[in-house]
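Asker: give me coordinates for this.
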Amino acid sequence: MADDLFKALADPTRRTILDELTEKSGQTLFEICARLSMKHQLGISRQGVSQHLAVLEAAGLVETRREGRYKFHDLNTAPLRQIAERWLAPDPSGPTESTP
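Answerer: A predicted model of the protein is given here:
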């Protein structure tokens, strides 16, 4: 799972998609494409964005839901929290003194 997560985060376009979903979760493919084009001047095809979303979904960072004929993409930050907690050391019970 961690490998998929790091692979998903390695690409700058996918990080931009995550930024957009952070601003407004629950977007359709059309909305994401429009925001990438207008806001970030990314000339990427709908198929390209769809492939990036598939990688993000495989990593667990994006969840989808269908309502009628529309497919909405929502950000899921749980995998990021799991990775952060993996390497965070517990806080020491008190301040430590450094020896000279």
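Asker: which other residues reach the helix or strand bottoming out on mean pLDDT in the chain?
Answerer: The weakest-scoring helix or strand in the chain, judged by mean pLDDT, DSSP states H and E, is helix 78-87 (a mean of 87). Residues from elsewhere that reach helix 78-87 (C-beta atoms under 8 Å, 6 or more residues apart in numbering): 1-2, 5, 59-61. Bear in mind the C-beta positions are built from the backbone N, C-alpha and C, glycine included.
Asker: for the residues you listed, pick the one with the most neighbours.
Answerer: residue 61 (23 neighbours; other C-beta atoms under 10 Å).
Asker: and the most centrally placed residue in the chain, which helix or strand is it part of?
Answerer: The centroid of the chain falls nearest to residue 18 when counting by C-alpha atoms, centre = their mean (3.9 Å). Assigned by DSSP states H and E, residue 18 belongs to helix 12-23.
Asker: circling back to that earlier point, which of the contacts of helix 78-87 fall within strands?
Answerer: Among these, DSSP state E puts none in strands.
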